[in-house]
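Asks: Sequence first, then the predicted structure, then my questions.
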Amino acid sequence: MSKNDQLSIEDDSIKLKDIIGKVTEYFWEVLRNWLLIGIITTPFVLYSFYSAVTAPPKYMAKLSFMVNEDEAGGVGGAMAILSQFGLGGGGSGGKHNLEKIIDLSKSRRIIQKSIFEKAIINEKEDYLANHIIDLYNLQEEEWSDSDELKAFKFSHTNDTIFTRAENSALKTIRSLIIGGGKTR
């Protein structure tokens with residue numbers, strides 16, 4: 001490497017002293033123009049603060065929806081949108097969609113998710129499934145001749161490790177909910 005090449009490399013390199021010098025230069029420039037910076041940023045800061053204070057509270061929730069597959073093509077979708085505004089006659093798609101929603105609500109998974117939520121009833125916090133057991137007196141009426149269900153209560157929600165008794169109790173509660181009456 002020649003001496004000229006070495007000098008050009010040294011000229012192209014950045015030194016810590018140069019970086020500190022530039023940062024100091026920018027700092028003094030900002031300090032010199034603090035009034036202009038303050039005048040420009042103050043309206044934005046005030047607007048952001050006002051928006052944060054006056055904004056209505058936002059509550060997060062999970063959303064589920066069903067697509068109505070009974071309607072053919074884009075006409076069914078357009079009719080559904082028009083029917084929201086009182087136009088378009090509605091059609092029979094709502095009846096079929098309602099049946100789908102009712103069938104979905106009767107599924108084991110949906111019922112299981114809802115009855116294994118904790119709730120306070122009569123100043124007692126427990127799973128809704130256990131409150132249903134108490135409400136319908138299942139231990140005395142429905143399960144009186146079963147040794148494993150006489151004093152049964154759900155103690156966990158992990159259905160992958162449910163015992164035979166827990167599955168039987170869940171089946172009874174599900175049939176009560178979907179309107180099948182009391183069954184074993």
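Replies: Arrived safely, thanks for sending. As the structure is a computational prediction, the values presented were derived from the model and not from experiment. Numbers count the residues shown, from 1 in each chain.

Asks: And the most centrally placed residue in the chain, what's its pLDDT?
Replies: Centroid-nearest residue in the chain, with Cα atoms, centre = their mean: K62, separated by 3.2 Å. The per-residue pLDDT reported for K62 equals 73.

Asks: Would you map the strands across this structure?
Replies: Here the chain has its strands, by DSSP state E, at 118-121, 124-127.

Asks: Throw the ones you listed into JSON lines and include distance to T163, mean pLDDT and mean neighbour count, thanks.
Replies: Every residue, glycine included, has its C-beta placed from N, CA and C. Shown next, in JSON lines, are the strands of the chain (distance: least, Cβ to Cβ, whole Å; pLDDT from 0 to 100; neighbours: other Cβ atoms under 10 Å):
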{"stretch": "strand 118-121", "distance to T163": "21", "mean pLDDT": "89", "mean neighbour count": "11"}
{"stretch": "strand 124-127", "distance to T163": "16", "mean pLDDT": "91", "mean neighbour count": "13"}
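
Asks: Save the ones you listed as TSV, and put in distance to I40 too.
Replies: What follows is the strands of the chain, written out as TSV (distance: least, Cβ to Cβ, whole Å):
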stretch	distance to I40
strand 118-121	53
strand 124-127	55
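
Asks: looking at those, which is closest to S144?
Replies: strand 124-127 (21.3 Å; Cβ to Cβ).

Asks: Give the partner strands of the closest one in its sheet and their orientations.
Replies: Within its sheet, and counting by DSSP bridges, strand 124-127 is paired with strand 118-121 (antiparallel).

Asks: what residues does the longest helix along the chain touch?
Replies: Looking across the chain with DSSP state H, the single longest helix is helix 34-54. Helix 34-54 is contacted from outside by V30, using Cβ atoms under 8 Å, 6 or more residues apart in numbering.

Asks: That one: how far from the chain's middle?
Replies: 34 Å (Cα atoms, centre = their mean, to the nearest Å).

Asks: How about stretch 122-134?
Replies: On Cα atoms, centre = their mean, the centre of stretch 122-134 falls 25 Å from the chain's centre.

Asks: That one: end-to-end distance?
Replies: Length of stretch 122-134, first residue to last, Cα to Cα, to the nearest Å: 11 Å.
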